[in-house]
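[1] mind looking at a prediction? Sequence and model below.
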Amino acid sequence: MNPLNKYIVQLLLLNTVLIGTGFLLIPLILNNLVRFDLAVLSSVFTLIAIITLSVFLHGQAKEPDSQTLHSLVSVSLKFLLELVITLLWFIVAKKTSLASVLLFFVLYLTFTLFSIRVILKTLKDKSL
């Protein structure tokens, strides 16, 4: 199986687990959080992680001179896309309640840690 396909399946599984857990826990812990927010934000972070990992893994298949550039582009692209999502979420959609902020940062950290784990695992096997 292609490494990108393997990580996409893992990301979709992680997204499903997060949404399922959120749907079960939201009524118990945070009553004012909308389930639609969880589904949309989780799906957007999944899409950003897929884009980041596809750029990174595509660069790992190239010659060694361009691997570093692809790694930097993938991390920079992740940063810029998440910055745009942050601005849209907090300023345009005005999701500034404590529950929305906690949801955003929990999802941000979850998908960032997943991306870092994949990148470090790949670089451990094949350094730049």
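    Received the coordinates, thanks. Residues are numbered from 1 along each chain as shown.

[2] mind giving me the packing neighbours of the helix or strand hosting residue 103?
    Assignment of secondary structure by DSSP states H and E places residue 103 within helix 98-125. Packed against helix 98-125, as judged by 3 or more C-beta pairs under 8 Å, 6 or more residues apart in numbering; DSSP states H and E, are the following elements: helix 3-29, helix 35-60, helix 64-87. For the C-beta atoms, the positions are set from N, CA and C on the backbone; glycine is no exception.

[3] average pLDDT for the second one?
    Helix 35-60 shows a mean pLDDT of 94.

[4] that one to helix 3-29, inter-axis angle?
    160 degrees (axes from the mean of the first three to the mean of the last three C-alpha atoms, to 10 degrees).

[5] could I get the buried residue list for helix 35-60?
    Of the residues in helix 35-60, 37-38, 41-42, 44-46, 48-50, 52-53, 55-57, 59-60 count as buried by neighbour count, 16 or more other C-beta atoms under 10 Å.

[6] can you check the longest one too?
    For helix 3-29, burial by neighbour count (16+ other C-beta under 10 Å) applies to 4, 7-8, 11, 14-15, 18-19, 22, 26.
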